[in-house]
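Undergrad: turn this into a model:
(chains A and B)
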Amino acid sequence: MTITKLMGSAALALLPMAGAALAQDAAAPELPACENCADSMVIMSWGGAYQNSQLKAYVEPYIAATGITVTWDESSNEAIAKLRAAQEAGNMPFDLVDVEGPDAQRACDEGLAVEIDHDEVLAPGDDGSAPTEDFGDSIINDCYLPQIYFSTTFGYRTDVAEWNGATPDDICDVFDIEAFPGMRSLQASPKKNLEWALICDGVAAEDVYDVLDEDGGVERALAKLDTIKDSTIWWTAGAETPQLLADKEVVMGSTYNGRLFSVIAEQNQPVEMLWDYQNFDFDGWIVPAGLSEDRMNRVMHFARFATDTQRLADQAKYIAYGPARASSQPLVSTHADLGIEMAPHMPTNPDNMKNYLVNNIEWWADNQDEVEATFQNWLAQ
Amino acid sequence: MADATISGGMPAGREARPVASGPVLAADGTPLKASLARSLRRQKARALLLIAPLLLFILATFVLPIGDMLFRSVENRIVGDTLPRTVAALREDTAPVPGEPAFVALYEDLVVAEEYKRHTQLGTRLNYEWGGASSLFRGTGRAVARFGTDVYTDQFQDADPAFEDGAQWAAWMADEAVRAALPETADAYDAWAQFTTEVGNDDPAEEEPGDMVYAALHRDLSAGAQPPGLPAVDVTGFETVSIKELLIEEDDAWGEPEIWNVLRLYAPAYTPGYYLNAVDLQKDLDGVSVRPENDRIYVTLFVRTMIMSLVITGTCILLGYPIAYLLASLPMRTANLLMILVLLPFWTSLLVRTSAWKVLLQQQGVINDILVWAGVVSDANRLVMINNQTGTIIAMTHILLPFMILPLYSVMKGIPPSFVRAAKSLGANDWTAFWRVYFPQSVPGIGAGSILVFILSIGYYITPELVGGTKGVFISNRIAYHISTSLNWGLAAALGTILLAVVLLLYWVYDRLVGIDNVKLGG
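TA: As a prediction, the model looks like this:
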């Protein structure tokens, strides 16, 4: 489904456009007036480098253009819990919530987020294409306003003496304690780990979710993970793996590719990316249900601006995540501070996606409750 | 106040007093007893007014949340609220896999729940009891919207175009005689009209009813109903579908007894299910049984929390006692200076202290570096002191140490030095004087410190989370996980309640063994 789309955008991302840099600086936000709109917003996001990219690319420009106040709440990790609690209390403190694909699906299924007419709410692409065409498959459900796609992948230290000069180039090297001894860091969540475990247990990438659906499929993946369980530190926040790598506490670990980019390019640590079977996922906005009319108007006004072609391209100047709009791809240029080309660091760079997975959002939305419980029990034992 | 009601002028009262035995009267002629009671009541009211802010604060922030938590740990209305028709049908039908009426009820309930988006919440809830319920309800919820029941809609509308007309339907359903003749249709129509109004914000009179209304009409008419005013339709020749078959076709699980057992077991509004779950048990049709082995974790976690809290209390006593003794026996000036060293970490942020331990204890950390440099351990075999129980015990001992030292110190300050001197002058050696005279008097301090440290550590969350890895975490980490990640608030509440009960029980045992009167926080 999303694969062709991502391939297409990857090809586009490779074409650097000469005029792109000029166009960015010239683009002072021109905003239509916002009628009956609240003058403040609470945005829930992830904190750290990602939130900073949002701040620079469109929140600060929006504040400059409208003069509203924006408050951040850095709890996207617990977005669904927070939304449920707020809905139960009958008081919704958040106006806009940044979530990963599967959480967007859950929020939509549970009525925590409002459904949106994408062609009406979102701006058309700067090439005139309708939003639903421009975003294409990255509109994963009726509630979701796409922002970026990112991948979860591995980084490894390049100075491990015990490896005798070898470097991992295969995802299964993560599971190879003999050839690549040392601690690993993996996310304390079944998502992505189970897929990688099955691939390294001999399952073909396209059959991974079929095998997980079978009786004993999840157990098979856990059995593979058992082989490295004692050599693994489990993380819950995306910033942990970069820190553990920098501290030499682990020799390889999974995290979001943008976090690894900042360890490698911004902090110059002896770390390299292992792109093999990187796992693509989506990140975007949902609008919580139960907002008053003026707050809703404000959110929609902001969302239209924040997801337009230029703003999504601007975001890629601050973090190595791919914009979800096809029309933003050609505008991706260089890093705002470092001046390096961003395209080779994008997960969609063809060199980086010889092998890859796309997180199956529907499968995870349906099965997350069961698999998460099994996985957490496995972890606790 | 008191002097106004209890008269001091006895002579005046004496005249009004009856000569014979009677109640003692106050100056204003009321019985003295009542007058006194009134004045005391007023005093109490005034005292109550003084503490009212604190009382309200505690009620609002402590008692009510705990009450809510206790309630949540047994509350289970979601099944009955989301599937009312199914629950009623299952009361009639006790077969392992029920017959068509229960499936019809389930179908209607799911259509309604899907509109309100409640079916996913129910699936999540039932998934706590039976893994598989979540995907079952999500999948079936999606399916019921495009179910095969539209065969009835089409056939009725082909038979008479009046059946397409929303206004006509609204008129029929407003007619008591029609409603009485078509009970199932009326029920289905009401449910449909309600969600059309509430969710879709549409006027039911302008909309064509949903498929489930036609399916209900077919059932009513097949049962021989003869509603007045409706076009006469002969339903005997109608093509029919079995909703039971449709649902089983959608997901085999509906044809198996497991999900129906779960629905029957968790139909009541209150359930002990969360508590059973919290001690690795589960409810089944025969009563209660132990969960499968790979699901059992909570008893282990409770035991681990107890044992590690005891170990932490023990290490706090071992480390804190000499320090408190030193502080108590040094001159005031020096003792105060050293006291600052005890209190300094106390004033530092908990997160900073915990993170500092991470830096110290990790494999490439300060302690390991020193050990490798000193040749105690080889570079390849650095000690693993973090992300395990060792890490939790070390960091928590450090963090909780002041809670042991402070009560010990204040108790020791109250032990007169002359006692030990007297013991020595009577021939005791240093050890005997300490062990027989000094130590017994410091036991209340140990008691107070131990209670503080033990109860604090049993509910500790952030330090084990940061340095405990997977083996060094406590039950409170699991509670936090269920509150914020798995969203199983009922189980979190049950675990929290059990933890509270265990603490109270231990407190009671401690009171019986040591006596709470022997605990002193100060000299």
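
Undergrad: quick check: buried residues in the one helix or strand B:Leu64 maps to?
TA: Per DSSP states H and E, B:Leu64 falls inside helix B:64-72. By 16 or more other C-beta atoms under 10 Å in any protein chain shown, the buried positions in helix B:64-72 come out as B:Met69, B:Arg72. C-beta here means a position set from N, CA and C on the backbone, and glycine is covered the same way.

Undergrad: which elements pack onto it?
TA: Where contact means 3 or more C-beta pairs under 8 Å, 6 or more residues apart in numbering or on different chains; DSSP states H and E, helix B:64-72 is packed against helix B:489-513.

Undergrad: got the angle for the helix it packs on vs helix B:64-72?
TA: With axes from the mean of the first three to the mean of the last three C-alpha atoms, to 10 degrees defining the directions, helix B:489-513 sits at 110 degrees from helix B:64-72.

Undergrad: which strands and helices lie in contact with helix B:489-513?
TA: Where contact means 3+ C-beta pairs under 8 Å, 6+ apart, helix B:489-513 is packed against helix B:64-72, helix B:273-278, helix B:298-329, helix B:439-458, helix B:475-484.

Undergrad: follow-up on the earlier one: and the helix or strand following the helix holding B:Leu64, how far from the chain's centre?
TA: Remark: after helix B:64-72, the chain's next helix or strand is helix B:77-82, criterion DSSP H and E. Between the centre of helix B:77-82 and the centre of its chain there are 19 Å (C-alpha atoms, centre = their mean, to the nearest Å).

Undergrad: do helix B:77-82 and chain A meet?
TA: No - Helix B:77-82 lies out of reach of chain A by C-beta under 8 Å from any C-beta of the partner chain, never closer than 12.1 Å.

Undergrad: so which bits of that helix are buried?
TA: Judged by neighbour count using 16+ other C-beta under 10 Å, the buried positions of helix B:77-82 are B:Ile78, B:Val79, B:Thr82.

Undergrad: can you list contacts of whichever helix or strand comes after that helix?
TA: Going down the chain from helix B:77-82, the next helix or strand is helix B:84-92, by DSSP H and E. Helix B:84-92 has contacts (C-beta atoms under 8 Å, 6 or more residues apart in numbering or on different chains) with B:79-80, B:98, B:101-102, B:104-106, B:108-109, B:187, B:260, B:263-264, B:267.

Undergrad: swap in 6 Å and give it another go.
TA: With contact meaning C-beta atoms under 6 Å, 6 or more residues apart in numbering or on different chains, helix B:84-92 is reached by B:Gly80, B:Pro101, B:Ala102, B:Ala105, B:Leu106, B:Glu108, B:Asp109, B:Arg264, B:Ala267.

Undergrad: and the stretch 401-523 of chain B, which residues reach chain A?
TA: Taking C-beta under 6 Å from any C-beta of the partner chain as the criterion, the stretch 401-523 of chain B approaches chain A at residues B:Thr470, B:Ser484, B:Leu487.

Undergrad: could you rerun that using 7 Å?
TA: Neighbours of chain A within the stretch 401-523 of chain B, by C-beta under 7 Å from any C-beta of the partner chain: B:Gly469, B:Thr470, B:Tyr481, B:Ser484, B:Thr485, B:Ser486, B:Leu487.

Undergrad: just the buried members of these?
TA: Counted by 16+ other C-beta under 10 Å, these give B:Gly469, B:Thr470, B:Tyr481, B:Ser484, B:Thr485, B:Ser486, B:Leu487 as buried.

Undergrad: thinking again about what came up before, can you list the helices and strands packed on helix B:489-513 in JSON lines and add mean pLDDT?
TA: Below are the helices and strands packed on helix B:489-513 laid out as JSON lines (pLDDT from 0 to 100):
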{"stretch": "helix B:64-72", "mean pLDDT": "90"}
{"stretch": "helix B:273-278", "mean pLDDT": "93"}
{"stretch": "helix B:298-329", "mean pLDDT": "95"}
{"stretch": "helix B:439-458", "mean pLDDT": "91"}
{"stretch": "helix B:475-484", "mean pLDDT": "90"}
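
Undergrad: would you mind giving those helices as TSV with distance to A:Asn77 added?
TA: Putting these into TSV (distance: least, C-beta to C-beta, whole Å) gives the following:
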stretch	distance to A:Asn77
helix B:64-72	23
helix B:273-278	25
helix B:298-329	23
helix B:439-458	26
helix B:475-484	8
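
Undergrad: A:Asn257: which of those is closest?
TA: For those, the distance to A:Asn257 is smallest for helix B:475-484, at 25.7 Å, taking C-beta to C-beta.

Undergrad: ok, residues contacting that closest one?
TA: A:78, A:81, A:376, B:301-302, B:305, B:459-461, B:464-465, B:488-489, B:491-492, B:495-496, B:499 (C-beta atoms under 7 Å, 6 or more residues apart in numbering or on different chains).

Undergrad: quick one on the thing from earlier: farthest-separated two in the residues of the stretch 401-523 of chain B next to chain A?
TA: Greatest spatial distance among these (C-beta to C-beta): B:Gly469 and B:Leu487, at 23.9 Å.

Undergrad: just the pLDDT for A:Ala11.
TA: The predicted structure scores A:Ala11 at 39 on the pLDDT scale.

Undergrad: please identify the residue of chain B positioned nearest to chain A.
TA: Relative to chain A, the nearest point of chain B is B:Lys117 (3.3 Å; C-beta to the nearest C-beta).

Undergrad: mind listing what that residue touches?
TA: Neighbour list for B:Lys117: A:Asp109, A:Glu110, A:Gly111 [criterion: C-beta under 7 Å, 6+ apart].

Undergrad: just B:Met308 next, same as before
TA: Shown in contact with B:Met308 (C-beta under 7 Å, 6+ apart): B:Gln389, B:Thr392, B:Ile393.

Undergrad: so the last one, which of the three states?
TA: Right, the one you point to is B:Ile393. At B:Ile393 the chain is in helix, as set by DSSP: H, G, I helix; E, B strand; the rest coil.

Undergrad: contacting residues around it?
TA: Taking C-beta under 7 Å, 6+ apart as the criterion, B:Ile393 is in contact with B:Met308, B:Val311, B:Ile312, B:Thr315.

Undergrad: how near is A:Leu31 to A:Met300?
TA: Look at A:Leu31 and A:Met300: by C-beta to C-beta, to the nearest Å, they are 12 Å apart.

Undergrad: which positions in chain A make contact with chain B?
TA: A:78, A:80-81, A:84, A:109-111, A:233-234, A:247-249, A:366-367, A:369-370, A:372-373, A:376-377, A:379-381.

Undergrad: again, 6 Å this time
TA: Counting by C-beta under 6 Å from any C-beta, the residues of chain A lying close to chain B are A:78, A:81, A:109-111, A:233, A:247-249, A:366-367, A:369-370, A:377, A:379-380.

Undergrad: any chance of a markdown table for the buried residues of helix B:77-82, columns pLDDT?
TA: Below are the buried residues of helix B:77-82 laid out as a markdown table (pLDDT from 0 to 100):
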| residue | pLDDT |
| --- | --- |
| B:Ile78 | 93 |
| B:Val79 | 94 |
| B:Thr82 | 95 |
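
Undergrad: kind regards, and thank you for your time.
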